[in-house]
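Peer 1: Sequence unavailable; structure follows:
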Ligand code: ADP
């Protein structure tokens, strides 16, 4: 329904989008708080009680560094220097820059909401220029080609509606999609403990706690660099200034290993330190996810990292207390859980309005004060997200990297990803993973005994288990982010490595039954060479050689037993 709203003398037309009893939502309305507006044909009297922050979406987003309300930091620095004063505004997109627009529709074509009208080569990423969501279908009358600013009209429909490349979207409203699909494809990260044991699906949600020095930054950078998402949105939400500085100085220098170009070419950074306005900090998470959804709508896989959601929740708490709302647990507003789940629910694998497949995967860091996981933000987050990567300061102290605890972490996507792994990796993979998890759990039980009475007191077969578990940890789980080869490990290599460890296990148990002692088994030389495989690019010949040697060594041991 289209309605007219009157504001002072001039008539400004907004469009009603939603009616819920006495509350109506309108878009494109030029209004201030508490303005009186007339709603509908009967001109019912209404009052503006809430205005949603909207962001600008269009070419120019990539490579940008914004604050929480989409002010480009570089532009602010130009205007103000290093100290941002109050009341400075700057548009999210450059309104002067010309982009070369290449149309993909022609006059006479029928177009619906979300339709792709054409393309702009933004960086090495092709920016799809779309008809906004929530508009009526129409027929293209004029479609232009050439160089335009984001404000110039590039498409006119037969009914007279005109569209530039820019769209505006209220950040707290999820952008509509045709259909949400079950996430059944993993987001491949090239990190063995993630892909191998605790995978996140494309369109999935994960939480990662961030004890200081445990490798949170390295893990996030690895995800940004290597995960098979085309676009990265990184929200630095209210971390201490110096931590954000690290992100701001390091990110622009990161190289995209896939293209050899700067990673920023497919990244949007949103940076809010805890000394920036609290409202901007609170908004930053919404600004980020709206930008992520916009790229998803073009048919891209987007990974969004929010660091940290705890600071975001604190901003919410601060605003709530200023509003004198009734506090809930630990002073957080009663709607904390609802807000967190609204945010994570915007992740997903979707069929976009134009029929493409796109996804937003959300990885939220939590930084509970004092590492106390029982506090409300962590607890509510764990209830919502489907993957938990438990970074563990103790592991990083032992220099076990990535310091993700294999006993406390989990992924609830395992079942829905089984088919993918079956098909794309190996029909053996899922069994192999369960086996590895069992060995690691068994090791944890055995460790308690070992600590009391020493490993010699264990039955011989369990001494073998201890050795196999060590190999899984040191060969498979440990991965060096700074090694040119080991930094990324594809699924085939992950499978081959795990299979080799399993081969050792089978040979070792058989030998133990045949009377070979655990000391002799631990002395098998070829198994030590397995650890080198991860550092070798074309590892297959070397791996085959080691497997053959292993077989030969065990044959000798068995015949001597
Ligand atoms: P945090 O951000 O949690 O404070 P960092 O990500 O800066 O911690 O990691 C601290 C240090 O741990 C790094 O400087 C690096 O030496 C080491 N580290 C973390 N993860 C890895 C990894 N995957 N491979 C190698 N070293 C790592």
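Peer 2: That came through, no problem. Computed from a predicted model, the values in this text were never measured in an experiment.

Peer 1: Please give the number of neighbouring residues around residue 444.
Peer 2: Applying other CB atoms under 10 Å, we find 11 residues neighbouring residue 444. Glycine gets a C-beta too; all of them are placed from N, C-alpha and C.

Peer 1: Let me see the contact set for it.
Peer 2: residue 407 (CB atoms under 8 Å, 6 or more residues apart in numbering).

Peer 1: Tell me if it really is in a strand.
Peer 2: No: assessed with DSSP: H, G, I helix; E, B strand; the rest coil, residue 444 is helix; it does not lie in a strand.

Peer 1: Near the ligand, which residues of the stretch 151-300 of the chain? Just list them.
Peer 2: Proximity of the stretch 151-300 of the chain to the ligand, by CB under 6 Å from any ligand atom, involves residues 210, 212-218.

Peer 1: among these, which two are most distant?
Peer 2: Largest separation among those by CB to CB: 212 and 218, giving 12.9 Å.

Peer 1: So between these two, which is more surrounded?
Peer 2: A count of neighbours by other CB under 10 Å puts residue 218 above the other of residue 212 and residue 218, at 15 against 10.

Peer 1: Could you report the pLDDT at that one?
Peer 2: What the model reports for residue 218 is a pLDDT of 87.

Peer 1: Same check on residue 87?
Peer 2: At residue 87, pLDDT is 69.

Peer 1: wouldn't residue 439 be in contact with residue 469 here?
Peer 2: Yes: with contact defined as CB atoms under 8 Å, residue 439 counts as touching residue 469 (5.1 Å).

Peer 1: more neighbours, these two?
Peer 2: residue 469 (23 against 20).

Peer 1: Report the secondary structure state of the more buried one.
Peer 2: Going by three-state DSSP: residue 469 is helix.

Peer 1: for residue 206, same thing?
Peer 2: Assignment for residue 206 (three-state DSSP): strand.

Peer 1: Touching, it and residue 385? I think so.
Peer 2: Yes: using CB under 8 Å, residue 206 is in contact with residue 385, at 5.8 Å.

Peer 1: got any residues that touch both of these two?
Peer 2: In contact with both residue 206 and residue 385: residue 364, using CB under 8 Å, 6+ apart.

Peer 1: Mind pulling the model confidence for residue 91?
Peer 2: 85.

Peer 1: before we move on, what about residue 321?
Peer 2: Residue 321 is assigned a pLDDT of 86 by the prediction.

Peer 1: repeat for the one 5 residues further on
Peer 2: Confidence at residue 326, expressed as pLDDT, is 87.

Peer 1: what do you get for residue 398?
Peer 2: Per the predicted model, pLDDT is 93 at residue 398.

Peer 1: quick one: which of the residues of the stretch 151-300 of the chain next to the ligand has the most company?
Peer 2: residue 214 (25 neighbours).

Peer 1: Run a quick check on that residue versus residue 396, I expect a contact.
Peer 2: Yes: taking CB under 8 Å as the definition, residue 214 is a contact partner of residue 396 at 4.6 Å.

Peer 1: what do the two both touch?
Peer 2: residue 403.

Peer 1: tell me the secondary structure for residue 26?
Peer 2: Three-state assignment for residue 26 (three-state DSSP): strand.

Peer 1: And for residue 70?
Peer 2: coil.

Peer 1: That one: neighbouring residues, count only.
Peer 2: Neighbour tally, residue 70, other CB under 10 Å: 27.

Peer 1: same question, the one 5 residues further on
Peer 2: Applying other CB under 10 Å, we find 18 residues neighbouring residue 75.

Peer 1: Now it: phi and psi?
Peer 2: When quoted as degrees, to the nearest 10, the phi and psi of residue 75 stand at phi -70, psi -40.

Peer 1: Who's the closest spatial neighbour of it, skipping the chain neighbours?
Peer 2: residue 90 (4.3 Å; CB to CB, 6 or more residues apart in numbering).

Peer 1: Can you verify that neighbour is assigned to a helix?
Peer 2: No: read with three-state DSSP, residue 90 is coil and lies in no helix.

Peer 1: Tally up the residues packed near it, please.
Peer 2: 17.

Peer 1: repeat for residue 45
Peer 2: By other CB under 10 Å, neighbour count at residue 45 equals 9.

Peer 1: Same check on the one 10 residues further on?
Peer 2: Other residues near residue 55 number 22, with proximity taken as other CB under 10 Å.

Peer 1: which stretch of helix or strand covers residue 247?
Peer 2: helix 241-250 (DSSP states H and E).

Peer 1: which residues make contact with that helix from outside it?
Peer 2: 65, 217, 221, 234, 236, 239, 269, 271-275, 307.

Peer 1: could you list every residue that touches residue 468?
Peer 2: 439, 501, 504-505, 508.

Peer 1: Show me the helices in the stretch 301-450 of the chain, by range?
Peer 2: All helices of the stretch 301-450 of the chain, identified by DSSP state H, counting those that start in this stretch, fall at 309-322, 336-345, 376-384, 393-397, 414-424, 429-453.

Peer 1: angle of the helix or strand where residue 78 lies against helix 241-250?
Peer 2: Here residue 78, judged by DSSP H and E, is contained in helix 73-80. Angle, helix 73-80 to helix 241-250, by axes from the mean of the first three to the mean of the last three CA atoms, to 10 degrees: 110 degrees.

Peer 1: Sheet partners, orientation included, of whichever helix or strand comes after helix 73-80?
Peer 2: Of the helices and strands lying after helix 73-80 in sequence (DSSP H and E), the nearest is strand 99-103. Within its sheet, strand 99-103 is paired with strand 116-121 (antiparallel), strand 146-148 (antiparallel), according to DSSP bridges.

Peer 1: Need the mean per-residue confidence for strand 99-103.
Peer 2: On average, strand 99-103 scores 97.

Peer 1: Stretch 196-203 too?
Peer 2: 97.

Peer 1: That one spans what distance, first to last residue?
Peer 2: Start to finish, the residues bounding stretch 196-203 are 18 Å apart (CA to CA, to the nearest Å).

Peer 1: Right, I'll leave it there.
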